[in-house]
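# below are the sequence and a predicted model; questions follow.
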Amino acid sequence: MEACAAALRSADAAQCISALQTYVDSNQTTFDFQQTEAVVKDFVSEILQYVDKEVISVEGRKLALNALRILSRQKSGFGQLLNQEGAERLLRFAGVSAASAAALDDSIAVEALKCLCNLTFQFRELAPFIVACDGALVHSLRSIANKDAPYPIRFYFARLVFLLAAVHSPSRAIIQQKCGVRYLRDGILIPLGMTRADDGLHYDSQTLNELSQEPCDLAAEIMKSVFTISTEVLNSGTELSAEESDAQAYAVMDLVHVSRIVLSAKPLMARKEAAALEAKITNMLISLPASCSDLFTPKSHSQFSTETMAVYEFRNVTAPDQLLRQLEKSTADLAASGAVNTALCEEAVPLITALANCGRVCPPARRYWRSKILPTLLTVRQRPEQGDTLKARLIRLMTSAHSNLASTVADFLFVLCKENAGRLIKHTGYGNAAGLLLQRGLLHGGHSAQSAEYSSDSDSDTEQYRESNVNVMTGGPEPQNQTDPFAGMTEAEKEAEAERLGELMERLEKTGVMKVMRKGDGNGSGGAGGSGGAGESGGACSN
């Protein structure tokens with residue numbers, strides 16, 4: 001680093017380029033530079049002085065910005081760039097200002113954008129300065145929607161917008177005011193080969209199914225920005241004109257339509273190139289507005305499914321069916337991993353959260369998923385968590401050690417049961433549902449206070465189910481010919497067992513495993529699981 005800084009101080013152009021090339025080549029995979037802040041600060045200063053020279057080759061400026069991008073992995077020594085002047089300097093090299101746009105080479109703009117992305121990610125305090133630069137956000141959004149701009153330019157402007165929206169929340173409202181949703185919508189349509197007309201979206205199915213990696217990655221990157229600002233867009237109190245508000249609403253509807261089309265493109269979804277795009281679309285559906293329900297599951301003229309379209313109750317449920325396939329794969333991977341796999345759990349949570357939200361606002365999707373996951377109960381032969389069906393895997397996850405996944409799965413199944421405690425208990429057993437019911441204050445049954453509007457169709461039991469001797473606690477059949485554990489014991493032996501149980505509970509309390517709630521103690525509580533219930537002589541507790 002010191003040798004490269006010394007070379008940059010010289011007036012020899014060839015020596016500067018050689019030193020920069022050597023530094024870049026030797027540090028492509030370096031993330032810990034083991035240098036003092038003073039050394040880094042000096043090197044950054046030399047790089048900035050070098051790139052600001054008027055007479056400098058494209059190769060030299062590109063290498064210098066490349067070196068600055070690599071160095072930006074360091075979390076200190078960049079104070080001179082974390083201000084308005086520093087933000088404007090890098091944006092100028094990215095072609096944001098009118099004066100620099102025509103004179104700069106695209107490769108230089110790409111390297112400058114990479115630096116801005118890295119620095120915004122590492123130093124959140126830079127984001128407000130970038131947003132404050134005149135025209136920076138508008139230029140970024142227009143570049144994303146510019147079909148003539150090179151792929152790397154559009155990709156890294158999309159990433160910069162995403163990072164600004166993610167780390168600097170006020171920028172989300174600004175993006176909304178600048179018609180950002182429409183620009184992002186247009187930016188997604190271009191790589192997917194779609195166009196918008198008065199009668200809706202036009203596209204070629206074969207072209208969509210044969211998309212290469214680059215357009216899939218670009219659309220996925222833009223979808224990240226859409227997801228980040230979606231809450232602001234749907235719930236914002238930002239003042240918009242009637243025309244702007246209508247245009248934004250149409251843009252949101254188009255994005256939901258795009259999501260349905262892409263998820264319904266089965267050949268595309270089967271290819272690994274579309275994995276990131278599928279994941280980002282799923283994330284966006286976490287904020288699916290109720291007004292777009294019909295776009296997500298449009299009416300079908302046929303009641304029968306085909307190879308390319310899934311139909312349920314005269315609704316096209318191809319997109320919900322693709323999400324169901326994702327859920328099948330995700331739960332199967334979790335089941336195969338055995339022990340709690342944190343990475344797989346964290347991948348599953350956004351998917352299941354999206355399913356739960358779509359189920360709340362889109363009745364056709366909820367009814368379809370329920371028919372597949374929680375079909376009508378017939379004869380009960382085993383506990384609901386036993387077996388390798390999707391239902392069994394999900395119910396096992398309700399008691400997973402990964403608490404976020406467990407609560408998310410429980411919420412999804414609760415939505416499938418129309419947020420009715422009785423229905424959830426019938427399908428999962430009281431024991432598996434107890435955690436969610438405790439959180440919602442529904443241990444005694446009923447509906448969630450914040451539940452969505454659901455239809456009032458009945459959930460009557462079948463004759464086979466009524467004839468099954470079901471244990472409400474487990475959700476499985478009662479054991480046949482169950483013997484009385486106290487049979488043949490004298491009163492003295494029963495008393496001895498009771499005393500032994502009391503000693504065991506006292507030992508668990510002393511070790512902090514649980515806290516016993518005794519009669520008359522109104523402040524007793526269970527462990528991490530929640531409040532204990534008081535009985536005649538003690539209470540149930542969580543460990």
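Received the coordinates, thanks.
# okay, the residue nearest to residue 408 when sequence neighbours are not counted and residue 445: tell me how far apart.
With sequence-adjacent residues excluded and distances taken as Cβ to Cβ, 6 or more residues apart in numbering, residue 408 is closest to residue 352, at 4.8 Å. Where you see a C-beta, it was placed from the backbone N, CA and C, and this is true even at glycine. With distances taken as Cβ to Cβ, to the nearest Å, residue 352 is found 24 Å from residue 445.
# go on, residue 353?
Distance from residue 353 to residue 445, by Cβ to Cβ: 25 Å.
# of those two, who's got more company?
Taking neighbours as other Cβ atoms under 10 Å, residue 353 and residue 445 compare with residue 353 leading, 18 against 11.
# packing partners for the helix or strand hosting the more buried one?
For residue 353, the element it lies in under DSSP states H and E is helix 342-361. Packed against helix 342-361 by the contact rule (3 or more Cβ pairs under 8 Å, 6 or more residues apart in numbering; DSSP states H and E) you find helix 275-284, helix 318-337, helix 363-373, helix 403-416.
# list the contacts for the closest residue in space to residue 335 that isn't next to it in sequence?
Leaving aside its chain neighbours, residue 335 sits nearest to residue 393 (5.3 Å; criterion: Cβ to Cβ, 6+ apart). For residue 393, the contact set (Cβ atoms under 8 Å, 6 or more residues apart in numbering) comprises 331-332, 334-335.
# the residue nearest to residue 408 is in contact with residue 327, isn't it?
Yes. Using Cβ atoms under 8 Å, residue 352 is in contact with residue 327, at 7.0 Å.
# mean confidence for stretch 133-146?
Averaging pLDDT along stretch 133-146 yields 92.
# what is the least confident helix or strand in the chain?
Using mean pLDDT, DSSP states H and E, the weakest-scoring helix or strand in the chain turns out to be strand 533-534, at a mean of 34.
# distance check, the residue nearest to residue 408 against residue 47.
Where residue 47 is concerned, residue 352 sits at a distance of 46 Å (Cβ to Cβ).
# more neighbours: which of these two?
Of the pair residue 352 and residue 47, residue 352 is the one with more neighbours under other Cβ under 10 Å, namely 25 against 22.
# which residues are in contact with the more buried one?
Residue 352 neighbours (Cβ under 8 Å, 6+ apart): 327, 405, 408-409, 412.
# tell me which two of those sit farthest apart.
Pairwise distances across the contacts of residue 352 (Cβ to Cβ) peak at 12.5 Å, for the pair 327 and 405.
# in the stretch 201-350 of the chain, which spans are helices?
For the stretch 201-350 of the chain, the helices defined by DSSP state H, counting those that start in this stretch cover 205-209, 213-235, 242-264, 266-269, 275-284, 293-296, 318-337, 342-361.
# switch these over to CSV; also include mean pLDDT.
Converted to CSV, the helices of the stretch 201-350 of the chain look like this (pLDDT from 0 to 100):
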stretch, mean pLDDT
helix 205-209, 93
helix 213-235, 86
helix 242-264, 85
helix 266-269, 93
helix 275-284, 93
helix 293-296, 91
helix 318-337, 94
helix 342-361, 93
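# now render those helices as CSV, adding distance to residue 129.
Formatted as CSV, the helices of the stretch 201-350 of the chain follow (distance: least, Cβ to Cβ, whole Å):
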stretch, distance to residue 129
helix 205-209, 40
helix 213-235, 19
helix 242-264, 27
helix 266-269, 40
helix 275-284, 28
helix 293-296, 39
helix 318-337, 40
helix 342-361, 31
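# can you say which of those helices is nearest to residue 68?
With Cβ to Cβ as the criterion, residue 68 lies closest to helix 213-235 of these, at 22.2 Å.
# for that closest one, packing partners?
helix 151-167, helix 170-177, helix 180-189, helix 242-264, helix 275-284.
# quick one: those helices as JSON lines, columns for mean neighbour count and distance to residue 299 too.
Shown next, in JSON lines, are the helices and strands packed on helix 213-235 (neighbours: other Cβ atoms under 10 Å; distance: least, Cβ to Cβ, whole Å):
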{"stretch": "helix 151-167", "mean neighbour count": "23", "distance to residue 299": "34"}
{"stretch": "helix 170-177", "mean neighbour count": "19", "distance to residue 299": "31"}
{"stretch": "helix 180-189", "mean neighbour count": "25", "distance to residue 299": "24"}
{"stretch": "helix 242-264", "mean neighbour count": "19", "distance to residue 299": "13"}
{"stretch": "helix 275-284", "mean neighbour count": "21", "distance to residue 299": "22"}
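# of all these, which one is nearest residue 385?
helix 275-284 (25.5 Å).
# tell me how far that closest one lies from the chain's centre.
8 Å (Cα atoms, centre = their mean, to the nearest Å).
# what's around residue 84, how many residues?
13.
# these two touch, right, it and residue 133?
Yes. Contact criterion Cβ under 8 Å: residue 84 and residue 133 qualify, at 7.4 Å.
# which stretches of the stretch 51-200 of the chain form helices?
For the stretch 51-200 of the chain, the helices defined by DSSP H, counting those that start in this stretch cover 58-71, 84-93, 98-101, 106-122, 127-132, 136-144, 151-167, 170-177, 180-189.
# ok, of those, where does mean pLDDT dip lowest?
It's helix 98-101: among the helices of the stretch 51-200 of the chain, that one has the lowest mean pLDDT, namely a mean of 53.
# next, the angle from whichever helix or strand residue 8 is part of to helix 58-71.
Assigned by DSSP H and E, residue 8 belongs to helix 2-9. With axes from the mean of the first three to the mean of the last three Cα atoms, to 10 degrees applied, the angle from helix 2-9 to helix 58-71 works out at 150 degrees.
# C-terminal to helix 2-9, what's the next element?
Following helix 2-9 in sequence, per DSSP H and E, is helix 13-26.
# what's the angle from that next one to helix 2-9?
150 degrees.
# using CSV, write out every CA atom in helix 13-26.
Provided in CSV are the C-alpha atoms of helix 13-26 (Å, rounded to 0.1, in the frame of the first residue of the first chain):
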residue,chain,number,x,y,z
ALA,A,13,2.2,7.8,-15.7
ALA,A,14,3.6,4.3,-16.6
GLN,A,15,4.9,3.8,-13.0
CYS,A,16,1.5,4.8,-11.6
ILE,A,17,-0.4,2.4,-13.8
SER,A,18,2.0,-0.4,-13.0
ALA,A,19,1.8,0.2,-9.3
LEU,A,20,-2.0,0.4,-9.3
GLN,A,21,-2.3,-2.8,-11.4
THR,A,22,0.0,-4.7,-9.0
TYR,A,23,-2.0,-3.5,-6.0
VAL,A,24,-5.4,-4.5,-7.6
ASP,A,25,-4.2,-7.9,-8.8
SER,A,26,-2.7,-8.8,-5.4
